[in-house]
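A.B. asks: What shape does this take:
(one chain, ligands or ions: 1)
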Amino acid sequence: MDDRVWMREALRAARRALALGEIPVGAVVVRGGEKLAWGWNLRETRRDPLAHAEMLALRRAARKVGDWRLEGADLYVTVEPCPMCAGALLQARIRRLIYGTPNPRAGSAGSRVNLVDYPGMDHQILVRSGVLETRCRDLVQRFFRDRRSLQDGDMERWQSPVECTRLEIEQGG
Ligand SMILES: [Zn+2]
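C.D. replies: As a prediction, the model looks like this:
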């Protein structure tokens, strides 16, 4: 099935996070054309550093199928996973990772580091990026703009990894 169909579902999840005042990130676990589970960022609500969208979606999916191995399952997420979530995807033996927009600050599927497709690791995950990228990025950018919680420079970091690197070089760090 078209990856955009499931990315739209991940965007629906992200909007649930947004409604709670959370950074809008949403994830969906799909296997055999069926949605196993979804999750959205609840870090503030639960005061839990582990409550990222991907972690919650993986946990619910594992509960549903009664197995921590989610072999053959794909995870769709609106923003590129952080190192913790990339590690969890490996643990769950996810087959494919499909994400919307890169995360130049902490992205662990190629932007900062690539943990999900690292030679020599027990498991490698196929990665596709840029699915509904504009919509996924706009959601996050609008959140930060509305909250005015970040400086303009931080906003620009969401533009692209290349842009991020350029900014850091210019700013000397
Ligand atoms: Zn994460």
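A.B. asks: Run through the strands of this protein in chain order.
C.D. replies: Applying DSSP state E to the chain gives strands spanning 26-31, 34-40, 74-79, 96-101, 126-129.
A.B. asks: what's the angle from the longest helix belonging to the chain to strand 34-40?
C.D. replies: Assignment by DSSP state H gives helix 3-19 as the longest helix of the chain. Per axes from the mean of the first three to the mean of the last three CA atoms, to 10 degrees, the angle that helix 3-19 makes with strand 34-40 is 30 degrees.
A.B. asks: Can you point out the buried residues in helix 3-19?
C.D. replies: 3, 6, 7, 9, 10, 11, 13, 14, 16, 17, 18 (16 or more other CB atoms under 10 Å). Bear in mind the C-beta positions are built from the backbone N, C-alpha and C, glycine included.
A.B. asks: my read: the fifth one touches residue 77, true?
C.D. replies: Just to be clear, that refers to residue 10. Yes. Counting by CB atoms under 8 Å, residue 77 is a contact partner of residue 10 at 5.9 Å.
A.B. asks: any residues in contact with both of these two?
C.D. replies: 26, 27, 28, 100 (CB atoms under 8 Å, 6 or more residues apart in numbering).
A.B. asks: Can you tell me how far the third one is from residue 118?
C.D. replies: Okay, so that is residue 28. Distance, residue 28 to residue 118, using CB to CB, to the nearest Å: 24 Å.
A.B. asks: of these two, who's got more company?
C.D. replies: residue 28 (28 against 15; other CB atoms under 10 Å).
A.B. asks: tell me which residues form a beta bridge with the more buried one?
C.D. replies: residue 38, residue 76 (DSSP bridges).
A.B. asks: so what's it up against?
C.D. replies: Counting by CB under 8 Å, 6+ apart, residue 28 has contacts 6, 9, 10, 13, 35, 37, 38, 57, 75, 76, 77.
A.B. asks: could those go into JSON lines alongside distance to the ion?
C.D. replies: Formatted as JSON lines, these follow (distance: CB to the ion, whole Å):
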{"residue": "6", "distance to the ion": "19"}
{"residue": "9", "distance to the ion": "18"}
{"residue": "10", "distance to the ion": "14"}
{"residue": "13", "distance to the ion": "14"}
{"residue": "35", "distance to the ion": "20"}
{"residue": "37", "distance to the ion": "16"}
{"residue": "38", "distance to the ion": "15"}
{"residue": "57", "distance to the ion": "11"}
{"residue": "75", "distance to the ion": "11"}
{"residue": "76", "distance to the ion": "14"}
{"residue": "77", "distance to the ion": "9"}
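A.B. asks: Fine by me, we can end here.
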